[in-house]
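> I need the structure of the sequence given here:
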Amino acid sequence: MAFVSSDRGGSPELQGVQAVKLLIAGGFGVGKTTMVGSVSEIKPLRTEERLSEIGAGVDDLSGVEGKTTTTVALDFGRITINPEVVLYLFGTPGQDRFWFMWKELSVGTLGAVVLADTRRLEGCFSAIDFFESRGIPFIVGVNCFDGSDVYTPDEVRSALDIGPHVPIQLCDVRNRESAKRVLIGLLEHLMATATAE
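Numbers count the residues shown, from 1 in each chain. Below is the predicted model:
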């Protein structure tokens, strides 16, 4: 199957179905693979490899000491909204050395979720810069890890130094309903952005 141009000028169509490409991005160990897996209606495609001693000097495992694998290319999942609209989710790799994939993955995307971990908030700065510099609409999903301090969206906004036009949602990406609410928030943001243009 191939994407073909849409008569509506928005997303491409796949045999009459509106295909919406979204990215799930953020720093290393923030929950991108988990989010794609928790909401996908199909078995997600994962390109995970085991962390090795070779990467020990490169990978900062602070806050995610139990992590044993990492995404080296992408994660992929799908959600059918209705018979006419399908979301295709692409999870990006989080480590700097795999960021060359981001440019390719961002081609044709309508928007992104930038996942943030308040224990390691600096891990999402590069993702925010990436989408801002390319004019790709995004929202921030604050993945609330067990045992981490809870901050309000306004506190996170201030720490990230982003404007009020970027929605921020607290979530637990292990929970399907919570992760779905983040995607709904992104879709609502994309519709509001399109209406404002």
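> low-confidence stretches in the protein?
The chain contains residues with pLDDT under 70 at 1-17, 46-73, 94-99, 197.
> would you map the helices across it?
For the chain, applying DSSP state H gives helices covering 32-39, 100-106, 125-134, 153-160, 176-196.
> just give the number of residues close to His165.
10 (other Cβ atoms under 10 Å). (C-beta placed from N, C-alpha, C; glycine too.)
> now do the same contact list for Leu122.
Just so we're on the same page, residue 122 is Glu rather than Leu. Glu122 makes contacts with Gly27, as judged by Cβ atoms under 8 Å, 6 or more residues apart in numbering.
> ok so, going back, right, and the helices of the chain - which one's nearest Val85?
With Cβ to Cβ as the measure, helix 176-196 is the member of the helices of the chain nearest Val85 (9.4 Å).
> so what does the closest one touch, helix or strand wise?
If you count contacts as 3 or more Cβ pairs under 8 Å, 6 or more residues apart in numbering; DSSP states H and E, helix 176-196 packs onto strand 17-26, helix 32-39, strand 111-116, strand 138-143, strand 168-171.
> with distance to Ala112 as extra columns, can I get the helices of the chain in a markdown table?
As requested, the helices of the chain are arranged in a markdown table below (distance: least, Cβ to Cβ, whole Å):
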| stretch | distance to Ala112 |
| --- | --- |
| helix 32-39 | 11 |
| helix 100-106 | 8 |
| helix 125-134 | 5 |
| helix 153-160 | 15 |
| helix 176-196 | 8 |
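> so which of the ones you listed comes closest to Leu22?
helix 176-196 (6.5 Å).
> okay, that closest one in PDB with CA atoms only?
Provided in PDB are the C-alpha atoms of helix 176-196 (Å, rounded to 0.1, in the frame of the first residue of the first chain):
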ATOM      1  CA  ARG A 176      -3.900   3.000  27.900                       C
ATOM      2  CA  GLU A 177      -6.600   5.500  28.800                       C
ATOM      3  CA  SER A 178      -4.100   8.000  30.100                       C
ATOM      4  CA  ALA A 179      -2.000   7.700  26.900                       C
ATOM      5  CA  LYS A 180      -5.100   8.000  24.700                       C
ATOM      6  CA  ARG A 181      -6.000  11.200  26.500                       C
ATOM      7  CA  VAL A 182      -2.600  12.700  25.500                       C
ATOM      8  CA  LEU A 183      -3.200  11.700  21.900                       C
ATOM      9  CA  ILE A 184      -6.700  13.300  22.000                       C
ATOM     10  CA  GLY A 185      -5.000  16.400  23.400                       C
ATOM     11  CA  LEU A 186      -2.600  16.500  20.500                       C
ATOM     12  CA  LEU A 187      -5.400  16.000  17.900                       C
ATOM     13  CA  GLU A 188      -7.400  18.900  19.600                       C
ATOM     14  CA  HIS A 189      -4.300  21.000  19.500                       C
ATOM     15  CA  LEU A 190      -3.700  20.300  15.800                       C
ATOM     16  CA  MET A 191      -7.300  21.200  15.000                       C
ATOM     17  CA  ALA A 192      -7.100  24.400  17.000                       C
ATOM     18  CA  THR A 193      -3.800  25.300  15.300                       C
ATOM     19  CA  ALA A 194      -5.200  24.600  11.800                       C
ATOM     20  CA  THR A 195      -8.300  26.700  12.600                       C
ATOM     21  CA  ALA A 196      -6.200  29.600  13.800                       C
END
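> cool, thanks, talk later.
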